[in-house]
Structures are given as structure tokens and as C-alpha cells.
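[1] Fold the stuff below for me.
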Amino acid sequence: MSTPETGAEENTGGSTVAQRYPYRLVTRRRAAVLLAAGLLPLPIACGNDSPDPSADPTTTAGTTTTTVPTAPISIPPAAVPSVDPYAGQPLIDHVAWTEAIDGPRLLVFPTQAGRRTTFPGSDERAWQEVVAESADADAPGMRDQFVCHWAWARLVQPDKPSWNLEPWRPAVGYQATVEARCNPGGPER
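    Numbers count the residues shown, from 1 in each chain. Model (predicted):
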């Protein structure tokens, strides 16, 4: 249990809350990652930057509210490894083509190294492994779907067995692919 004064974990009978409820720690870590990535809103107060007090909506007859300027919130960048801890290890276990209701689908099965790496450029290395296993994967829009899964599905669904890429989906660019939750042209069926 955390104490209201400090928020510190209190040891109750040899077991902390974090030990009894490990999912809370995982949820907090995911929230921290999403916050750092700018995906969770950060509650901050908004004020009026105008030096003219008559333009300040918080000024009323007889009452003045003073807003103290604060420094912008700075979030340190996530630690990026300088040496690839998974160098020489495959990031993709295998790929398999299937036929779905909408058309062909490439199932991409990442390895544990592929699920865990944060090394810069690992997304491109993994994509090259996909294309090496199936040259047909190099179709318009497929790389954007893959990078979207690489960047976001690993956070949102880290244990999803495979990532599904469909060549029939429209090639809309990476940003639109992310906005479509990696599935431009409609939901996965």
C-alpha cells in the first residue's frame, strides 16, 4: 500500500503491492512509454500569454488572478542502446502467406529478439529479413504496415503471435497507416 504522504510502497507482510499486483507495474511502464512517445495526453495548465491584463479572461472586477510562467515540461529521451544487443540474431522467425476473406495476407512472426530490440535501424534490418523470406512482401504499402506493427503493435500487443500484412490494402504512406492502426482501407477481418 502506498502512503499518502510519500507515495512510497509500504511493505505489508513481506509482500509489496508491486509484487502482489505486477500488472500495475507493467501498466505504469507502458503508460510512461506512451507518454514519452506523446501518445497519452499530459495534463498541463494553459494560461494566457498576453501581457495585456484586459485580455486575460481570468481577470474580473475587483479580482485579479496572476499566472506564474513556468518552464516547459521536458521529457528526457528514452535510452537508446549504443550497441545492438541482438546483433547477429534474427529478428524475424518466419513468414507465411495465407488467404483471408479480403485477399492474401502475410503473417510475420517476430523472434523474441525482434520483440525486444530498440536499437536504431532494427526496423529496417527486420524488414530486410521479411523480404529475404518472401520477395512478394515488397509490395506497395507493405513496408508501411510492417513498420507500423514494428513501432506500435510491439507496444500495444507485445505478445501478438504474428503481424498481418496485406498487399491489397492501399498504400497511403506511413502516417496514414499509423492513423488507421496499421490497417489502411478498413479493419482486419
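[2] shaky segments in this protein?
    By pLDDT under 70, the low-scoring segments of the chain are 1-79.
[3] Let me see the ranges of the strands in it.
    Per DSSP state E, the chain has strands spanning 92-100, 103-110, 163-165. These are given in chain order.
[4] Out of those strands, which is the most enclosed?
    For the strands of the chain, ranked by mean neighbour count under the definition mean count of other C-beta atoms under 10 Å, the leader is strand 163-165 at a mean of 22. Backbone N, C-alpha and C define where each C-beta goes, glycine included.
[5] Same list (the strands of the chain) but as TSV, adding distance to residue 179.
    Compiled in TSV, the strands of the chain are given as follows (distance: least, C-beta to C-beta, whole Å):
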stretch	distance to residue 179
strand 92-100	22
strand 103-110	21
strand 163-165	17
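[6] Between these, which one is closest to residue 176.
    Closest approach to residue 176 among these (C-beta to C-beta): strand 163-165, 15.6 Å.
[7] which other residues reach the closest one?
    Applying C-beta atoms under 8 Å, 6 or more residues apart in numbering, the contact partners of strand 163-165 are 105-108, 110, 137, 142, 145-146, 149-150, 153, 182, 188.
[8] can I get these in TSV with distance to residue 117?
    TSV is the format used below for the contacts of strand 163-165 (distance: C-beta to C-beta, whole Å):
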residue	distance to residue 117
105	25
106	21
107	20
108	15
110	9
137	20
142	21
145	19
146	15
149	14
150	10
153	14
182	19
188	25
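[9] quick one: which of those is nearest residue 122?
    Checking those against residue 122 by C-beta to C-beta gives residue 150 as the nearest, at 8.0 Å.
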